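Trainee: sequence-free structure coming up:
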């Protein structure tokens, strides 16, 4: 099914502003025709880009009308000048749309340490306003940096036979690690929800998606996930702890996990999307620690690229993770092939069967600790030659 790249009451536009290579879309705008309830989560890095510093209090205040996003320049580590530039660009859009500046969120991604050339925004914003339409596709392209494809996901719900849409756009391929990453994600919906419910639902969905992915253990300075809900569907406000709220949360979870998996599958140079499941842990924290350790291990990730069923790297990563582990009770499976039973390898024949599974672009590694009932999962990619090439040449 073709994803419908529109949602009622929102308009979108993108133009080539010359921030990155000439002719490439690099400046996007998302506009809600109505004041939208807003919620957001932001980078946990202590080095925070100017757009995050500017936008986080605006979004957390509860209402937003517009998101201005550029690629090619992160406007990070640019000091007070960077803050002035972020304010200036947001004010340009606010003035052009007759909005108060506080209703505009600003987002940037790209090279760190360079000032924005605001003259390019002066020239591009009028064209950006002129290009506004119902189609979100151009914005998903304008957000891209090292991404190889635009990341879009949509889902549809209904209340008393009236349909609503939840549409998500994301970017990200490198500098991806749990607790957010070098990623931007914008989710728009035409339902009406409260600020408190929006905050809770977004935090919950991110915990199960964007905070369970890793590509290279690097967390960036510009990470931002925003949710805007404008009520343009005409459906009465969805109340917390109702069946309608449960369905909305399910759709939001589905979209964010879909986008998160796209980001990992597009990990710079990646050829594999691998789900790491740790089960049988004493508690969820132990399951999380062990899963994260395996998902971020460079030795495990290079084995994934080499399609090498080297289970020793997996059990070693579990062992040094800090989780409570008894090596004599650990089972490891690749797909449905049990490579390790009670801490011991099951032989060359099973390794050969596991290698066949590892040739697939997507598969699961399960580690059963047999110590309890807790479970946690992560999504990771393989580590390839191309990752080095892409990042060695990133600023060239």
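Mentor: Okay, I see it. Being a predicted model, the structure only gives us computed values, none of them experimental.

Trainee: tally of neighbours for the closest residue to residue 273 other than its chain neighbours?
Mentor: Leaving out its chain neighbours, the residue that sits closest to residue 273 by Cβ to Cβ, 6 or more residues apart in numbering is residue 265, at 4.2 Å. Where you see a C-beta, it was placed from the backbone N, CA and C, and this is true even at glycine. As a burial measure, residue 265 scores 21 neighbours (other Cβ atoms under 10 Å).

Trainee: now the closest residue to residue 370 other than its chain neighbours: how far from residue 280?
Mentor: Counting by Cβ to Cβ, 6+ apart, the nearest residue to residue 370 once its immediate chain neighbours are dropped is residue 329, at 4.0 Å. Using Cβ to Cβ, to the nearest Å, one obtains 8 Å as the distance from residue 329 to residue 280.

Trainee: what is in contact with these two at once?
Mentor: Shared contacts of residue 329 and residue 280 (Cβ atoms under 8 Å, 6 or more residues apart in numbering): 369, 370, 371.

Trainee: tell me the buried residues within the residues you listed.
Mentor: Among the shared contacts of residue 329 and residue 280, those classed as buried by 16 or more other Cβ atoms under 10 Å are 369, 371.

Trainee: now intersect the shared contacts of residue 329 and residue 280 with the strands, please.
Mentor: Among those, none falls in strands (DSSP state E).

Trainee: ok, the shared contacts of residue 329 and residue 280 vs residue 90, which is closest?
Mentor: Proximity of the shared contacts of residue 329 and residue 280 to residue 90 (Cβ to Cβ) peaks at residue 369, which lies at 48.9 Å.

Trainee: list the contacts of that closest one.
Mentor: 278-282, 286-287, 290, 318, 323-326, 329-330.

Trainee: quick one on the thing from earlier: of residue 329 and residue 280, which one has the most company?
Mentor: residue 280 (19 against 14).

Trainee: where does this protein dip in pLDDT?
Mentor: Scanning the chain with the threshold set as pLDDT under 70 gives 1-4, 173-182, 215-220, 268-269, 386-387, 390-396.

Trainee: longest single strand anywhere in it?
Mentor: If each strand of the chain is counted by residues according to DSSP E, the longest one is strand 27-42.

Trainee: touching, the residue nearest to residue 273 and residue 380? I think so.
Mentor: No - contact criterion Cβ atoms under 8 Å: residue 265 and residue 380 do not qualify, at 10.5 Å.

Trainee: tell me the SS of the residue nearest to residue 40 when sequence neighbours are not counted?
Mentor: By the measure of Cβ to Cβ, 6+ apart, the closest residue to residue 40 outside its immediate chain neighbours is residue 59, 3.8 Å from it. Secondary structure of residue 59, reduced to three states by DSSP: H, G, I helix; E, B strand; the rest coil: helix.

Trainee: how close does residue 59 get to residue 226?
Mentor: The gap separating residue 59 from residue 226 is 6 Å, by Cβ to Cβ.

Trainee: what do the two both touch?
Mentor: With Cβ under 8 Å, 6+ apart applied, the overlap between the contact sets of residue 59 and residue 226 consists of 38, 39, 40, 105.

Trainee: biggest separation within these, which pair?
Mentor: Across the shared contacts of residue 59 and residue 226, the two members that end up farthest from each other (Cβ to Cβ) are 39 and 105, 11.4 Å apart.

Trainee: out of these two, which sits in the more crowded spot?
Mentor: It is residue 105, of residue 39 and residue 105, that has more neighbours when counted by other Cβ under 10 Å, with 27 against 24.

Trainee: that older thread, shared neighbours, residue 39 and residue 105?
Mentor: Common neighbours of residue 39 and residue 105 (criterion: Cβ under 8 Å, 6+ apart): 59, 226.

Trainee: and residue 58, what is it in contact with?
Mentor: In this structure, residue 58 makes contact with 64, 102, 103, 104, 105, judged by Cβ under 8 Å, 6+ apart.

Trainee: I'd like to know which of these are buried.
Mentor: Using 16+ other Cβ under 10 Å as the burial test, those include 64, 103, 104, 105 as buried.

Trainee: want to throw these into JSON lines with secondary structure?
Mentor: As requested, the buried ones among the contacts of residue 58 are arranged in JSON lines below (three-state DSSP):
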{"residue": "64", "secondary structure": "strand"}
{"residue": "103", "secondary structure": "helix"}
{"residue": "104", "secondary structure": "strand"}
{"residue": "105", "secondary structure": "strand"}
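
Trainee: could you dump the residues you listed into JSON lines and include distance to residue 15?
Mentor: Rendered in JSON lines, the data for those read as follows (distance: Cβ to Cβ, whole Å):
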{"residue": "64", "distance to residue 15": "21"}
{"residue": "103", "distance to residue 15": "21"}
{"residue": "104", "distance to residue 15": "17"}
{"residue": "105", "distance to residue 15": "18"}
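
Trainee: relative to residue 351, which of the residues you listed is nearest.
Mentor: Nearest member of the buried ones among the contacts of residue 58 to residue 351, counting by Cβ to Cβ, is residue 105, at 50.3 Å.

Trainee: helix, strand or coil for residue 280?
Mentor: Three states are possible here, and by three-state DSSP the one that applies to residue 280 is strand.

Trainee: offset the numbering so it begins at 37, please.
Mentor: Got it, first residue is 37 now, which makes that one residue 316.
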